[in-house]
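J.: Generate coordinates for the sequence data below:
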Amino acid sequence: MTGSFRELKVYQLSFEAAREIRLISMKFPKEETYSLTDQIRRSSRSVCINIGEGYRKRIYPKHFTSKMTDAHGEATETSIWLDFALDCNYVDSTTFKNLQDKYNEIGRMLNSMAQHPEKFAPKT
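T.: Next up, the predicted model:
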């Protein structure tokens, strides 16, 4: 690994999921602009942001762990916003399941990273 967070599978998957959410949320009703639409976009993008920030500070295991758990929390928030989108019929069940599966996988990876920060420490 060259030291780029962009090489992490979890970053790539979360970036892809955030991009999908942006595309589907463009179809949400206008009255959801300042609630569901903004919130789901913000939380999905925040997963990526926290991964990047934490990876850059991986020399400090506690900081790295904190950022990975923050990213995991944002992934959970996104998952809950998806529940609301499904309940309001803004997404179909196939799209919902595919995104929930991605966020479940993202959560598993982030949890593992938080549990084992030493695996991500820079090589000296």
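
J.: Would you state the predicted confidence (pLDDT) at the residue most central in space within the chain?
T.: Residue closest to the mean C-alpha point of the chain, counted by Cα atoms, centre = their mean, is Val47 at 3.3 Å. What the model reports as pLDDT for Val47 is 98.

J.: In this protein, where is pLDDT below threshold?
T.: Applying pLDDT under 70 to the chain flags residues 1-2.

J.: And the residue nearest to the centre of the chain, how far from Ile21?
T.: In this view, Val47 and Ile21 are 10 Å apart by Cβ to Cβ, to the nearest Å. Glycine gets a C-beta too; all of them are placed from N, C-alpha and C.

J.: Identify the contacts common to these two.
T.: Thr78 (Cβ atoms under 8 Å, 6 or more residues apart in numbering).

J.: secondary structure element for Ala18?
T.: helix 9-25 (DSSP states H and E).

J.: Identify the residues contacting the helix or strand just after that helix?
T.: Using DSSP H and E, the next helix or strand after helix 9-25 towards the C-terminus is helix 38-56. Identification of contacts with helix 38-56 by Cβ under 8 Å, 6+ apart yields 5, 8, 10-11, 14-15, 17-18, 21-22, 25, 63-64, 66-68, 70-71, 74-75, 77-78, 81-82, 85, 106, 110, 120.

J.: do that again at 7 Å, thanks
T.: The contact list for helix 38-56 (Cβ atoms under 7 Å, 6 or more residues apart in numbering) reads 5, 8, 10-11, 14-15, 17-18, 21-22, 25, 63-64, 67-68, 70-71, 74-75, 77-78, 81, 85, 106.
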